Structures are given as C-alpha cells and as structure tokens.
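**Q** sharing a model prediction with you, sequence too.
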Amino acid sequence: MLKELSISFLVFFCITSCSTMDKTISAEKKIIKNQRIDKGFTLGEIFLSNIVGDCPVTIKIDGKNGIYYLDPINLEEKYHIDGLNVWFKYGGLRRMNRCQKANPITINEIVTD
C-alpha cells in the first residue's frame, strides 16, 4: 500500500512539474518576442518557390492587415529553409520587383529562434 501511494505521488509530482515547466517556457517566449519587437525586429517565415516567374525565396509576414511577402535580395543561403521562422530587421528598396507578389528588401539583421 505504501509503495502504491509513493508511486502515485511520484506520478502526480511529475505531471504537475511538467505543466509548470511548460508555463515557464511559454512566458519566456513571450518575453523574448516582446523584446525583439521593441528592438525593431519583424517575425516572418521563409517561403521557397520553384514556380516560374515567382521569387525563389520570400519572407511571409502575417501582419495586422493580413499576409504579405517580402523579397530579401541579400538573404544568406543558410536561411533558405522552407518554413523557417526568422526575426529580422530590414529596409525597403526603391527598385522594380523581381516577382509580382513581393516587395524587394535588404536584410539588415536576422536571427532565428
């Protein structure tokens, strides 16, 4: 009986500890997100395409007014991973678009999670 009670307590302790850990990680991610936004970073997702006439690499942004795409002309090859979430600072470019759906930009700074 004592052994069963000890095992039950151990299982209960593990479950509640994991839940607390998840909440702590979630809170830390929110803090990091807010810090990056405060520093001028934008969150985006790398989107690769092999469609003729489309930009081969764009960054998909889920903005306040909906989804839009940016065409990073100087994105390093190591970030060319479809679905990769990136935080980046950028500057707009006054030049013709290379593809219809995305505006050209230059990446000033970039980090991943």
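**A** Thanks, I have it. Numbers count the residues shown, from 1 in each chain.
**Q** just for the protein, where's the confidence low?
**A** 1-25 (pLDDT under 70).
**Q** what sits against residue 73?
**A** Taking CB atoms under 8 Å, 6 or more residues apart in numbering as the contact definition, residue 73 lies against 93, 98, 104-106. (Glycine included, C-beta is placed from N, CA and C.)
**Q** please apply the same query to residue 61.
**A** By CB under 8 Å, 6+ apart, residue 61 lies in contact with 42-44, 67-70.
**Q** only the buried subset of the residues you listed, as a PyMOL command please.
**A** A single PyMOL command is used to select the members of the contacts of residue 61 judged buried by 16 or more other CB atoms under 10 Å:
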select buried, resi 42+43+44+69+70
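**Q** could the contacts of residue 61 go into CSV alongside secondary structure and distance to residue 26?
**A** Compiled in CSV, the contacts of residue 61 are given as follows (DSSP: H, G, I helix; E, B strand; the rest coil; distance: CB to CB, whole Å):
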residue, secondary structure, distance to residue 26
42, strand, 21
43, strand, 16
44, strand, 21
67, strand, 25
68, strand, 27
69, strand, 29
70, strand, 28
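**Q** so residue 26 lies in a strand, does it not?
**A** No - assessed with DSSP: H, G, I helix; E, B strand; the rest coil, residue 26 is helix; it does not lie in a strand.
**Q** any idea how far residue 33 is from it?
**A** 11 Å (CB to CB, to the nearest Å).
**Q** more neighbours: which of the two?
**A** Neighbour totals were compared for residue 26 and residue 33, and residue 33 leads with 14 against 10 (other CB atoms under 10 Å).
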